[in-house]
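Colleague: Build me a structure from this.
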Amino acid sequence: MSAGAATGLTAAEAARRLADTGPDEVAARKSPRLHTRVLAQLRDPPIMVLLGAVVLTLAIGDHPDAIVVALVVVVNTTVGVAQEVRADNAVAALSALSAPHARVRRDGAVRDLLAARLLRTAFRAPGPAGTAGASGLP
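Modeller: Okay, here's the model as predicted:
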């Protein structure tokens, strides 16, 4: 069944195509695990220098300085991981808020859908205020 500019797809045909090809959306990136975030923080060059300083101060027997530098590393890593988690949560919240809508023609009637629910092969044309026309709409 083909989509005409005047009628668009039928609802049944759109549902069948959506089931065959899936929605037109980018797969969400899986959030890194906590230990991966901590290791990434510890691989930062300035932190590696501080870890080297801890080893050297322990080797020369200056334990109080080694403890202070190690505490600086722990605090820095904790703050860095917390900031990364907050930033990821903020990006996810903004992505959820900015879900664009599209106008589509189904069974001859104009409908408003989430753009992610469009077919991957749907015709899209720019529309006003964050909308996009699809399935033959201008």
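Colleague: What is the burial count for Val73?
Modeller: By other C-beta atoms under 10 Å, the residues close to Val73 number 18. (Glycine included, C-beta is placed from N, CA and C.)
Colleague: now swap in Thr36 and tell me
Modeller: Counted with other C-beta under 10 Å, Thr36 comes out at 11.
Colleague: List the contacts of the helix or strand encompassing His35.
Modeller: Per DSSP states H and E, His35 falls inside helix 34-42. The contact list for helix 34-42 (C-beta atoms under 8 Å, 6 or more residues apart in numbering) reads Pro32, Ile47, Met48, Leu51, Val73, Asn76, Thr77, Gly80, Val81, Glu84, Val85.
Colleague: same deal with stretch 72-84?
Modeller: Stretch 72-84 is contacted from outside by Leu34, Arg37, Val38, Gln41, Leu42, Asp44, Ile47, Leu50, Leu51, Val54, using C-beta under 8 Å, 6+ apart.
Colleague: 6 Å instead?
Modeller: Applying C-beta atoms under 6 Å, 6 or more residues apart in numbering, the external contacts of stretch 72-84 come out as Arg37, Val38, Gln41, Ile47, Leu50.
Colleague: Now tabulate those in a markdown table and tack on pLDDT.
Modeller: Below are the contacts of stretch 72-84 laid out as a markdown table (pLDDT from 0 to 100):
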| residue | pLDDT |
| --- | --- |
| Arg37 | 95 |
| Val38 | 95 |
| Gln41 | 94 |
| Ile47 | 95 |
| Leu50 | 96 |
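Colleague: so where's the protein shaky on pLDDT?
Modeller: Applying pLDDT under 70 to the chain flags the ranges 1-8, 22-28, 99, 116-138.
Colleague: Only the buried residues of the lengthiest helix in it, if you could.
Modeller: Using DSSP state H, we find that the single longest helix of the chain is helix 63-97. For helix 63-97, the buried set under the neighbour-count rule, 16 or more other C-beta atoms under 10 Å, comprises Ala66, Val69, Ala70, Val73, Asn76, Thr77, Gly80, Val81.
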